[in-house]
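Asker: no sequence on this one, just coordinates:
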């Protein structure tokens, strides 16, 4: 029997991954975390396939034993800005495949640096899985493949309220406002300020036209490495629009030294979590993604647009990570090394696993000449 270890498994994203695997696979699942009461409650609610293991990631000996007893490790214990590559390195040492839901550029670089070691060990490691990054990466690959030559990628996301996620995701959002970041624009790497350059984008209903702003996500780094494009734009927005005003103000008016203070980040994260518990009642907790890839096809400048809407962001993240885990467990995905999603997952595999989960993508029926 295959065994899956989900680190951070009793959190919102971790339990969504576990839920997806229970529905899609017959594997035994261990959710690991630091709070036995919560963990045991989650495991009991998920059924007989799932058990809880009390584990602190600082306990290297305990972590190594848990990984060695597993067929696959799914790392959901964020925020990843505070994580190193130790979990992945232990998986490489023990010969165990690895998936994570990382959403931080610095962590992604640490993980990708383990590529040669993972390849030598014969393990497949896929980073940045989930909804964004994750499903978003595969949407871009699918659009790129419609063109003879891709030149520009514009990837936008909008999330309603909390997105069904917990305080960790709130922390990640505010941590992402701390520093400018680099993005590939017109063939060069340029510095971009977080939550800048407001743009209104057309998303699927129920959102329609919604504002989005520059945000540092791993796709900004990996997509230019995966596809020879001149520009990659990644923008994010919230519903209701009130949250965009607040986030913009924090990014542009709050002294950066405050945003680097852990106490301030905790205050903002818990305050946002409390507020969204109220607004979720009327805003919902959904997510929409819009991928627009511009390039050449049959000698003409063409734009291919794909969109996706899911009514629960956390559940959608579970679909993205669960899909990768399912393919690794079945042996359908075997590619030793460390890979971002768009390099690991083929478009047919992506479409197959989404269809199994009832997720529908819309792609422009006619290419738009620009």
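Answerer: The structure has been received and is ready for your questions. Quantities reported herein were computed from a predicted structural model and do not represent experimental measurements. Numbering: from 1, shown residues only.
Asker: neighbours of residue 346, how many?
Answerer: Counted with other CB atoms under 10 Å, residues neighbouring residue 346 total 16. For the C-beta atoms, the positions are set from N, CA and C on the backbone; glycine is no exception.
Asker: ok, residue 274 next?
Answerer: One way to gauge burial is a neighbour count; for residue 274, by other CB under 10 Å, it gives 12.
Asker: could you look up the SS state of it?
Answerer: At residue 274, secondary structure determined by DSSP: H, G, I helix; E, B strand; the rest coil is helix.
Asker: just residue 178 next, same as before
Answerer: Reduced to three states with three-state DSSP, the structure at residue 178 is coil.
Asker: not counting sequence-adjacent ones, nearest residue to it?
Answerer: Nearest residue to residue 178 in three dimensions, chain neighbours excluded: residue 259, at 4.9 Å (CB to CB, 6 or more residues apart in numbering).
Asker: quick check: the one you found vs residue 105, distance?
Answerer: 17 Å (CB to CB, to the nearest Å).
Asker: same check, this time on residue 124
Answerer: 22 Å.
Asker: what of residue 329?
Answerer: Applying CB to CB, the value for residue 329 to residue 105 is 28 Å.
Asker: where in the stretch 251-370 of the chain is pLDDT low?
Answerer: 365-370 (pLDDT under 70).
Asker: the strands in it, which residues?
Answerer: For the stretch 251-370 of the chain, strands defined by DSSP state E, counting those that start in this stretch occupy the ranges 287-297, 300-310, 337-340, 362-363, 368-369.
Asker: cool, the stretch 51-200 of the chain as well?
Answerer: Listed in chain order, the strands of the stretch 51-200 of the chain (DSSP E, counting those that start in this stretch) span 72-75, 97-100, 124-127, 149-160, 181-185, 188-192, 199-202.
Asker: tabulate those in CSV, adding columns for mean pLDDT, mean neighbour count and distance to residue 62.
Answerer: Shown next, in CSV, are the strands of the stretch 51-200 of the chain (pLDDT from 0 to 100; neighbours: other CB atoms under 10 Å; distance: least, CB to CB, whole Å):
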stretch, mean pLDDT, mean neighbour count, distance to residue 62
strand 72-75, 98, 28, 14
strand 97-100, 98, 27, 18
strand 124-127, 98, 27, 21
strand 149-160, 96, 23, 34
strand 181-185, 96, 18, 35
strand 188-192, 96, 13, 41
strand 199-202, 95, 15, 45
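Asker: now render those as JSON lines, adding distance to residue 54.
Answerer: What follows is the strands of the stretch 51-200 of the chain, written out as JSON lines (distance: least, CB to CB, whole Å):
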{"stretch": "strand 72-75", "distance to residue 54": "17"}
{"stretch": "strand 97-100", "distance to residue 54": "21"}
{"stretch": "strand 124-127", "distance to residue 54": "25"}
{"stretch": "strand 149-160", "distance to residue 54": "31"}
{"stretch": "strand 181-185", "distance to residue 54": "36"}
{"stretch": "strand 188-192", "distance to residue 54": "42"}
{"stretch": "strand 199-202", "distance to residue 54": "44"}
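Asker: which one of those strands lies closest to residue 336?
Answerer: Smallest distance to residue 336 across the strands of the stretch 51-200 of the chain (CB to CB): 5.8 Å, for strand 124-127.
Asker: just checking: what are the partner strands of the closest one?
Answerer: Applying DSSP bridges, strand 124-127 is found paired with strand 97-100 (parallel), strand 337-340 (parallel).
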